Structures are given as C-alpha cells and as structure tokens.
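A.B. asks: Have a look; sequence and predicted model below, questions after that.
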Amino acid sequence: MDANGHHVEEEGAGQAAPAKCLSSYVDEGSIESHRYYLSRKTVLEMLRDRGFSIPSSEIGLSLAEFRAIHGQSPDIERLRFSATHASDPSKRILVIFCWPGVVKVNAIRSLVGQLFNTDTLSGMILIVQEQITNQALKALEVLKFKVEVFQITDLLVNITKHVLKPKHEVLTNQQKQELLKKYNLEEKQLPRMLQKDAIARYYGLERGQVVKVTYSGDISQMHVTYRCVW
C-alpha cells in the first residue's frame with residue numbers, strides 16, 4: 001500500500017521466475033562448439049552401428065563436458081580420432097574434421113602428406129564445413145583406402161533416430177545368399193537403394209550389399225522389404 005491506500009506491486013514481482021526458467025533453455029555457448037559436438041556424436045554413433053569399438057562414455061558425453069574439454073572454439077586437430085572394428089581389428093578408420101572454408105587441392109595434398117602409417121588404415125571419414133573441389137576429391141584417390149566425405153550439416157542429426165524412419169539392418173553375405181535362395185531371386189531382382197542414399201552412406205555400404213528394411217507404425221501394419229545397394 002502507498003500513502004493513499006493504493007496497492008503497489010514491486011517492479012518485476014512475479015516475473016523473475018519465468019525469465020529465469022526460460023533462460024535455462026537458451027544455449028549461451030558458441031554455435032561453433034555446438035556444431036562440432038553434434039556432428040562428432042553422430043559420427044561416433046555411426047561407427048558404432050558399423051561395428052567399430054566406440055566407448056559409451058564418448059557417445060554419452062554432454063555438451064557441457066565437450067566444451068569443458070574442447071572450449072568454445074574447438075581445435076580441429078584435437079577432434080581427430082580413429083576407431084578399430086570390434087570383430088576385425090585389422091579394420092581401422094580415421095575421422096578428420098576439416099578447417100572452415102572451401103577445401104582445395106593444396107590443402108588435401110598437405111593433409112595426405114601428414115598421414116603416417118596409412119598401411120594400418122582401412123578407411124577415412126572427412127568432415128567438411130563447406131564445398132570440396134573436384135580437384136581436391138581427385139587428390140584423395142592416391143590413398144589406398146576408401147575415403148568418405150560428409151558435410152558437417154548432414155551430421156547434426158542422426159537420421160536413423162528419426163521417429164518416422166524405418167529400421168534398417170545390414171545383412172551379412174551369408175544372410176544375403178540365404179535370402180536369395182529362399183525366394184529364388186537374383187540380386188538384380190531386389191528393390192534398389194542408391195549408394196549415395198543417406199542410409200547407405202550412414203552405414204558405409206558398398207554395391208551389392210543388402211539391407212533389411214522394417215516398417216512399423218500405429219496406422220499401418222509392420223512389413224519387411226529388402227533393398228540392394230547400387
């Protein structure tokens with residue numbers, strides 16, 4: 001009450017709590033570190049789904065923990081890592097985050113020159129932030145192993161976790177042969193999945209591999225189909 005008996009509400013009363021609540025949802029860190037965190041997590045999940053040994057603690061790292069280790073402007077050299085296949089230790093893949101900007105041929109030649117013990121590698125994943133020139137792509141062909149190039153923006157979300165995405169399972173060669181025998185089919189008679197398809201790229205599939213696709217939902221009944229990579 002004031003001197004005249006009127007009710008007076010203190011400035012900001014009843015407003016501080018909502019403001020504080022809303023602020024807890026705002027990411028006050030850098031966009032750069034958030035992008036690196038999300039793309040790194042997706043790559044770790046992708047390699048785990050391909051059968052590589054990836055510690056759960058690495059995948060479960062929180063954004064705050066990532067920033068505590070790498071800071072708000074991560075050093076891309078420190079983000080580089082390699083992983084070994086769980087059932088085949090001879091398979092080792094190297095993951096490299098590229099510097100910002102267009103990736104040109106001289107930069108790739110410099111990178112290739114820095115790679116040591118390439119005989120122990122069976123593959124490499126290159127994560128670029130902008131375009132990579134055709135000459136730069138050709139410069140990667142000197143390497144004796146498969147090099148996969150991903151845009152960082154394509155890795156901000158794990159496409160296999162989308163609620164509307166059907167379940168995909170990669171068949172072993174034996175399972176593929178049993179499938180063809182069971183239905184008396186030839187490989188070319190199976191529905192196709194292009195090698196540049198997002199799912200094929202996620203699993204690193206080669207031509208001729210077969211994927212079992214399971215559709216399920218509240219509206220339609222569950223059904224299964226198979227696709228051969230071309």
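C.D. replies: Cool, got the structure. Numbers count the residues shown, from 1 in each chain.
A.B. asks: just the helices in the chain please.
C.D. replies: For the chain, the helices defined by DSSP state H cover 16-23, 31-49, 56-59, 63-70, 76-79, 105-114, 134-139, 173-182, 198-203.
A.B. asks: Quick one: residues contacting the residue nearest to Y37 when sequence neighbours are not counted.
C.D. replies: Counting by Cβ to Cβ, 6 or more residues apart in numbering, the nearest residue to Y37 once its immediate chain neighbours are dropped is F66, at 4.5 Å. (C-beta placed from N, C-alpha, C; glycine too.) The contact partners of F66, taken as Cβ atoms under 8 Å, 6 or more residues apart in numbering, are 33, 36-37, 40.
A.B. asks: Now tabulate those in a markdown table and tack on distance to A139 and neighbour count.
C.D. replies: Shown next, in a markdown table, are the contacts of F66 (distance: Cβ to Cβ, whole Å; neighbours: other Cβ atoms under 10 Å):
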| residue | distance to A139 | neighbour count |
| --- | --- | --- |
| S33 | 30 | 18 |
| Y36 | 25 | 22 |
| Y37 | 29 | 22 |
| R40 | 25 | 23 |
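A.B. asks: Near P100, how many residues? Count them for me, please.
C.D. replies: 12 (other Cβ atoms under 10 Å).
A.B. asks: Ok, L180 next?
C.D. replies: 17.
A.B. asks: Same check on L47?
C.D. replies: Using other Cβ under 10 Å as the criterion, L47 is surrounded by 23 other residues.
A.B. asks: right, and the helices of the chain - which one's nearest H85?
C.D. replies: When the helices of the chain are ranked by distance to H85, counting by Cβ to Cβ, first place goes to helix 31-49 at 9.0 Å.
A.B. asks: Do you know the pLDDT at T118?
C.D. replies: The pLDDT attached to T118 in the predicted structure is 76.
A.B. asks: Now do the contacts for the nearest residue to R35 once chain neighbours are set aside.
C.D. replies: Computed as Cβ to Cβ, 6+ apart, the closest residue to R35 that is not its neighbour in sequence is I152, at 6.1 Å. If a contact means Cβ under 8 Å, 6+ apart, then I152 has 35-36, 39, 97, 127-129 as its contacts.
A.B. asks: Columns pLDDT and distance to L194 on top of the contacts of F66, output as CSV?
C.D. replies: Conversion of those to CSV gives the following (pLDDT from 0 to 100; distance: Cβ to Cβ, whole Å):
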residue, pLDDT, distance to L194
S33, 96, 34
Y36, 97, 29
Y37, 98, 30
R40, 98, 27
